[in-house]
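**Q** I'd like to go over a predicted model; first the sequence, then the structure.
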Amino acid sequence: MSEPPLIELEGITKVFGTGPAAFQALKGVDLTIDRGQFVAIMGPSGSGKSTTMNILGCLDVPTGGVFRFRGVEVQKMDRDQRSLLRRKYLGFVFQGFNLLSRTTALENVELPLLYRGEKKSVRREAAMHALDQVGLAPWASHTPAELSGGQQQRVAIARALVSGPDVLLADEPTGNLDTERSIEIMELMRKLNSDGITVIMVTHEEEMAAYAKTVIHFRDGLVERTERGARSLDGMEAQA
């Protein structure tokens, strides 16, 4: 029996508010993401991309439709079950690095494991491995103020990776970075994806979306079209 898609959205709707003030952010989104994909989600403001991202990250629930994660219907879960799914399977990276300013890179990366009650030795080993994955092991003892913007985002990515997630959800991960640092982060995202992590990224920058294998365009609460990432195609041609 074949493995189900990692993520399936069928007829997902989301309504904010009630009565005359109600706003339908999603109008029946259908979306399938397989394990190992690198997906970029794009669209103008109000298109529904951020609402979809919040649902995928179990930070919000749909008003209607079916959301399956590894074949299990997420919309039927209670809050505690969704929280457990987030902690076990999902890692989050945001536009703002959200690092604690007075703690080291290592201590910032350890935080998710601290909240899970892991022993110090376990936390340290896992955090060092995550920092090594993003090329920052030598900077483990540095505070955010001693790191560049690109390095701070790498620490944030390491923090997302430390729990060993199946999926990395990145919301505008290059929004606060210059072009050179943005390319650095996107190359890292592509490497993590090649190592087996499924990456789902919201971005408004076409140059960054081009790194993804698949680019999904949203408009007016629906998926408008899906296309291949330009740089992904270039990479495939180079390997051929």
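**A** Looks like it arrived, so ask away.
**Q** ok, and what's touching stretch 73-87?
**A** Residues outside stretch 73-87 that contact it (Cβ atoms under 8 Å, 6 or more residues apart in numbering): 57-59, 61-62, 65-69, 112, 116, 163. For the C-beta atoms, the positions are set from N, CA and C on the backbone; glycine is no exception.
**Q** could you rerun that using 7 Å?
**A** With Cβ atoms under 7 Å, 6 or more residues apart in numbering as the contact definition, stretch 73-87 has outside contacts at 57, 58, 61, 62, 66, 67, 68, 69, 116, 163.
**Q** just checking, the first one touches residue 91?
**A** Meaning residue 57. No - Residue 57 lies out of contact with residue 91 (Cβ atoms under 7 Å); the separation is 9.7 Å.
**Q** between those two, which has more neighbouring residues?
**A** A direct count of neighbours by other Cβ atoms under 10 Å for residue 57 and residue 91 places residue 91 higher, at 27 against 18.
**Q** quick check, the more buried one in a helix?
**A** No - the assignment for residue 91, made by DSSP: H, G, I helix; E, B strand; the rest coil, is strand rather than a helix.
**Q** OK, contacts around residue 40?
**A** Per Cβ under 7 Å, 6+ apart, neighbours of residue 40: 201, 203, 209, 212, 215, 229.
**Q** which helix or strand contains the first one?
**A** Assigning secondary structure by DSSP states H and E places residue 201 in strand 198-202.
**Q** quick one: contacts of that strand?
**A** 6, 33, 35-41, 49-50, 53, 56, 166-173, 189, 192-193, 212.
**Q** any of those buried? List them.
**A** 6, 33, 37-41, 49-50, 53, 56, 166-173, 189, 192-193, 212 (16 or more other Cβ atoms under 10 Å).
**Q** the residues you listed in helices, which ones?
**A** Among these, DSSP state H puts 49, 50, 53, 56, 189, 192, 193 in helices.
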